[in-house]
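In: fold the following for me, if possible:
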Amino acid sequence: MPRVKLLVAYDGTDFHGWQRQEPPGAAPLRTVQGVLEDAVAEVLQARVPVVGASRTDSGVHAFGQVASFAAEHRVPIDRLALAINARLPQDVCVRRAEAVHDGFDPISDCTSKCYRYTIEHGSTEPDGALVFERRTVWRTWHRLDLERMRAAAALVAGTHDFAAFAHVDHGRETTVRTVHGCSVIEMRPGRAVIEVAGSGFLYNMVRIIAGTLVEVGRGRNEPASVRRALAMRDRTLAGPTLPAHGLRLEWITYAGRDAGAKAQAGPA
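Out: Presented below is the predicted three-dimensional model:
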């Protein structure tokens, strides 16, 4: 059966996350997977499951989500993205569609993924531009010390038990994860992004990492507090879970013949 890989972007504000949800006795919730499967079904004239590499939470955005489905299709592969987009709402876009080998699995074949958290900080002056960014940028009135945050971010990288940086109901057998890199980037004065790349993440893990770094940037905690939270595996020693709207899935990488799946970061 031919398999297709999709590179997908979406504004997650009005979605209940990626994964299709059908509560018993109620109408299905609006999810990215749900509307994408509906659009693909219209194109194919048949329903097929569309599997995503990352189950982003409610309100979280994506620029480089990867999904796939297996089905016969009459639409040429170079026009398949256009055909699907014509049936999608405006807050979802298939950036690219390509044929892949039959065994491609967007979840198990993933080698790395990167999330970006965008923060506006320090200004108490009215800024009309933020009206247009309210869905994608989290704002704090506190001026953040980015150097302190970078020192703390360096301690996040590596293979650790991230129990302190996960929601208590994370639902995973192990909380050990590998973070390939954690960086704090100044985009311009008052605008910073936190980028976290790793092989996989726990429920709310990136938002808690971001909240922990913000607490360090505000001066409430020392950079070394990250090391203590990791060692003690105590959720109360890490920072708050920042709101979903500042988070975006940037890219996902694959090895070997699937290596081209990485999406370069888009505009902040």
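In: now G52: closest residue in space, sequence neighbours ignored.
Out: A67 (4.5 Å; CB to CB, 6 or more residues apart in numbering). (Glycine included, C-beta is placed from N, CA and C.)
In: quick check, that neighbour in contact with V48.
Out: No - with contact defined as CB atoms under 8 Å, A67 does not count as touching V48 (11.4 Å).
In: what about the two, which has more around it?
Out: A67 (24 against 16; other CB atoms under 10 Å).
In: report the contact partners of that one.
Out: A67 sits next to 5-6, 8, 33, 36, 50-53, 106 when contact means CB atoms under 8 Å, 6 or more residues apart in numbering.
In: gap between R135 and H61?
Out: Note on R135: its distance to H61, by CB to CB, to the nearest Å, is 8 Å.
In: before we move on, what about R3?
Out: Counting by CB to CB, the gap from R3 to H61 is 26 Å.
In: now A255
Out: 26 Å.
In: care to break the chain down by domain?
Out: As recorded under automatic domain parsing, the domains making up the chain are 3-109, 111-249.
In: which parts of the stretch 101-250 of the chain are helices?
Out: 146-156, 205-217, 225-232 (DSSP state H, counting those that start in this stretch).
In: can you tell which of these is closest to R79?
Out: helix 205-217 (35.1 Å; CB to CB).
In: for that closest one, packing partners?
Out: If you count contacts as 3 or more CB pairs under 8 Å, 6 or more residues apart in numbering; DSSP states H and E, helix 205-217 packs onto strand 110-121, helix 146-156, strand 176-188, strand 191-198, helix 225-232, strand 247-254.
In: name the helices or strands packed onto the third one?
Out: Here strand 176-188 touches helix 146-156, strand 158-161, strand 191-198, helix 205-217, going by 3+ CB pairs under 8 Å, 6+ apart.
In: who's in contact with the residue nearest to Q19 when sequence neighbours are not counted?
Out: Counting by CB to CB, 6+ apart, R55 is the residue found nearest to Q19 once chain neighbours are left out, at 4.9 Å. Neighbour list for R55: 17-19 [criterion: CB under 8 Å, 6+ apart].
In: from those, list the buried ones, please.
Out: Those of these that meet the buried threshold are 17-18, by 16 or more other CB atoms under 10 Å.
In: with respect to A152, which of the contacts of R55 is nearest?
Out: G17 (28.2 Å).
In: so what pLDDT did the closest one get?
Out: We have a pLDDT of 97 for G17.
In: in a helix, it, correct?
Out: No - using DSSP: H, G, I helix; E, B strand; the rest coil, the assignment for G17 is coil, not a helix.
In: wait, it sits on T31?
Out: Yes - the criterion here is CB under 8 Å, and G17 meets it with T31 at 5.9 Å.
In: higher neighbour count, R135 and H61?
Out: Shown here are R135 and H61; by other CB under 10 Å, H61 has more neighbours (26 against 14).
In: and for this protein, the residue most distant from the center?
Out: What lies farthest from the middle of the chain is R74; by CA atoms, centre = their mean that is 31.9 Å.
In: any idea of the pLDDT on it?
Out: The per-residue pLDDT of R74 was computed as 91.
In: what's the helix or strand for V94?
Out: Using DSSP states H and E, V94 sits in strand 92-100.
In: T136 against I119, yeah?
Out: No - assessed by CB under 8 Å, T136 is found out of contact with I119, at 11.0 Å.
In: neighbour count: those two, which is higher?
Out: Applying other CB under 10 Å to T136 and I119 shows that I119 carries more neighbours, namely 24 against 16.
In: look up how far A151 lies from the nearest residue to the more buried one once chain neighbours are set aside.
Out: Spatial nearest neighbour of I119, excluding adjacent residues (CB to CB, 6+ apart): A192 at 5.1 Å. Distance, A192 to A151, by CB to CB: 14 Å.
In: how many neighbours does A41 have?
Out: Around A41 there are 16 residues (other CB under 10 Å).
In: wait, a strand at it?
Out: No - assessed with three-state DSSP, A41 is helix; it does not lie in a strand.
In: how about it, what does it touch?
Out: By CB under 8 Å, 6+ apart, the neighbours of A41 are 47-48.
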